[in-house]
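Colleague: here is a sequence with its predicted model. Questions after.
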Amino acid sequence: MDGWAVAGPGPWNLLSGTDDRSPGILAGQDSPEPLGDGEAVPIATGARIPRDTTAVIRSEHGRVDDKGHLHARREVVPGQDIRPRGQECRVGEQLLPPGAPVTPAVLGLAAAAGYDALYVTDRPRVEVLVLGDELLTSGLPQEGRIRDALGPMLPPWLRALGAEVTAVRRLGDDAEALHEALATATADVVVTTGGTASGPVDHVHPTLRRLDAELLVDGVAVRPGHPMLLARLPATADGGRTRHLVGLPGNPLAAVSGLLTLAEPLLRGLGGRPAAEPYTAPVKDDVPGHPQDTRLVPVALRGEYAVPLHYNGPAMLRSIAVADGLAVIPPQGASRRQELELLDLPWTEPGGMHGELSAPGADGEVCFT
Ligand SMILES: Nc1nc2c(c(=O)[nH]1)N[C@H]1C(S)=C(S)[C@@H](COP(=O)(O)OP(=O)(O)OC[C@H]3O[C@@H](n4cnc5c(N)ncnc54)[C@H](O)[C@@H]3O)O[C@H]1N2
Ligand code: MOO
């Protein structure tokens, strides 16, 4: 505090060479002269106290008389307004858990604790390849062609999941272009959209075979999104770097499923971040299930309940756009009030962001392929 450092009981003699206008001891000065019993010296907030100081009196709580004596205007408690060393941490103490993201506050803490450099894991570098000749990049869908919904959606979503997005490229349905792009990609992760199924222009599987890539996940028992895949690409010619490919299905909500269940844990692991704690909420009403597979259904949190949203078909984004998360519906369905695991969206607050919106209402119909 700005005021006076004092030793022993008052009134105190202001040290020779100081008066009530003297700056006294300032922050940043090393080893001030010790105080004798009954002595006081002006001091600034953050300055080191002289040895044998018993208290600091704030400037508004003291008065200097015309003989140069300092009087306290209120009781002085020994030790008051002296900040001891090591209050916040001690040498060798762990300040943050491993894997903590380097937020602005972490940078401040690190600097305050004297770190000039930090060991960090880089954000994984991700390249997005949007496949499909039918995709338009502006205007209304027309003449059998539709708007590319994933090109605009994936880069910011991937960034929110901890990635550095290095490129977004539209390759159409060109097998050679896809082969070239995968063979030469330098990113840690390539995310493709579409082309995962077995249609005449679905080139992802054949291209992975041609590259001798290792398929780690080839389809999942989840709706939407069952054709999603994860592969390890062969190392680049310049040597050694492990590259992964996440193949997201083309149907936009199916792509979201793959993003949250394959890309999210991969990016988390590559970024050195620990897995998120799973959390659950009771579902408001019965939710129909797929006969064999797990369903992921966009929900809004309303009060304590997760409410499944309408328009949750695989090609639709209307529900996820107002959702707080995806509820995990086990095969055969869930009954009213059953606790369901929820997958977070990286921008929602705990307790729900969209609960007060008039979002599409409770689920009545089932729509999966
Ligand atoms: N014989 C079978 N066919 C399909 C099956 C199956 O089990 N057996 N599964 C279906 C399911 S489910 C899905 S999901 C799709 C996945 O197919 P692909 O990953 O090959 O995706 P595409 O055929 O390229 O596209 C599917 C659908 O999504 C539209 N699309 C694609 N990209 C975008 C984009 N960037 N933005 C908006 N919409 C996009 C595309 O036009 C198609 O309508 O396979 C089924 N087939
Ligand atoms: O992803 Mo499809 O649309 O699984 O249902």
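Modeller: The structure has been received and is ready for your questions. These figures come from a predicted structure and were not determined experimentally. Ligands and ions are numbered 1, 2, ... in the order given.
Colleague: every contact and neighbour count from this point should use C-alpha atoms.
Modeller: Fine.
Colleague: all strands for the stretch 101-250 of the chain, in order.
Modeller: In the stretch 101-250 of the chain, the segments counted as strands under DSSP state E, counting those that start in this stretch are 125-131, 135-136, 146-147, 164-172, 189-193, 214-218, 222-223, 229-233, 243-248.
Colleague: just send the ones you listed back as JSON lines, with distance to Gly99 and mean neighbour count too.
Modeller: Converted to JSON lines, the strands of the stretch 101-250 of the chain look like this (distance: least, CA to CA, whole Å; neighbours: other CA atoms under 10 Å):
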{"stretch": "strand 125-131", "distance to Gly99": "18", "mean neighbour count": "25"}
{"stretch": "strand 135-136", "distance to Gly99": "39", "mean neighbour count": "16"}
{"stretch": "strand 146-147", "distance to Gly99": "38", "mean neighbour count": "16"}
{"stretch": "strand 164-172", "distance to Gly99": "17", "mean neighbour count": "17"}
{"stretch": "strand 189-193", "distance to Gly99": "20", "mean neighbour count": "25"}
{"stretch": "strand 214-218", "distance to Gly99": "25", "mean neighbour count": "15"}
{"stretch": "strand 222-223", "distance to Gly99": "30", "mean neighbour count": "24"}
{"stretch": "strand 229-233", "distance to Gly99": "24", "mean neighbour count": "21"}
{"stretch": "strand 243-248", "distance to Gly99": "21", "mean neighbour count": "26"}
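Colleague: can you list those in TSV and add distance to Tyr119 and mean pLDDT?
Modeller: Shown next, in TSV, are those (distance: least, CA to CA, whole Å; pLDDT from 0 to 100):
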stretch	distance to Tyr119	mean pLDDT
strand 125-131	18	98
strand 135-136	42	98
strand 146-147	42	98
strand 164-172	18	98
strand 189-193	22	98
strand 214-218	30	98
strand 222-223	38	98
strand 229-233	27	97
strand 243-248	22	98
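Colleague: near ligand 2, which residues of the stretch 101-250 of the chain?
Modeller: Proximity of the stretch 101-250 of the chain to ligand 2 (CA under 6 Å from any ligand atom) is limited to residues 223-226.
Colleague: go again using 8 Å as the cut-off
Modeller: 222-228, 249-250 (CA under 8 Å from any ligand atom).
Colleague: next, give me the two most distant ones among those residues.
Modeller: Greatest spatial distance among these (CA to CA): Val222 and Gly250, at 14.9 Å.
Colleague: for the residue nearest to Leu345 when sequence neighbours are not counted, give its distance to ligand 1.
Modeller: Nearest residue to Leu345, sequence neighbours excluded (CA to CA, 6 or more residues apart in numbering): Gly325, at 5.4 Å. Going from Gly325 to ligand 1 by CA to the nearest ligand atom, to the nearest Å gives 20 Å.
Colleague: touching, Gly325 and Pro346? I think so.
Modeller: No. Gly325 is beyond contact range of Pro346, at 9.0 Å (criterion: CA atoms under 8 Å).
Colleague: so between these two, which is more surrounded?
Modeller: Gly325 (25 against 15; other CA atoms under 10 Å).
Colleague: phi first, then psi, for that one.
Modeller: Per-residue torsions, Gly325: phi 180, psi -180 (degrees, to the nearest 10).
Colleague: which residue lies farthest from the center of this structure?
Modeller: Within the chain, the residue lying farthest from the chain centre (CA atoms, centre = their mean) is Lys67, at 61.2 Å.
Colleague: okay, it: pLDDT?
Modeller: In this model, Lys67 is scored at 91, pLDDT.
Colleague: neighbouring contacts of stretch 230-240?
Modeller: With contacts defined as CA atoms under 8 Å, 6 or more residues apart in numbering, stretch 230-240 is touched by 182-186, 208, 211-218, 241-247, 262.
Colleague: in CSV, list the C-alpha atoms belonging to it.
Modeller: Taking Å, rounded to 0.1, in the frame of the first residue of the first chain, the C-alpha atoms of stretch 230-240 are listed here in CSV:
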residue,chain,number,x,y,z
LEU,A,230,-10.4,-42.6,-39.7
ALA,A,231,-7.2,-43.6,-41.5
ARG,A,232,-3.4,-43.2,-41.0
LEU,A,233,-1.8,-41.9,-44.1
PRO,A,234,1.6,-43.1,-45.1
ALA,A,235,4.5,-40.8,-44.1
THR,A,236,5.4,-38.0,-46.5
ALA,A,237,8.4,-38.5,-48.7
ASP,A,238,10.4,-36.0,-46.7
GLY,A,239,10.2,-38.4,-43.8
GLY,A,240,8.4,-39.4,-40.8
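Colleague: many thanks, I have nothing further to ask.
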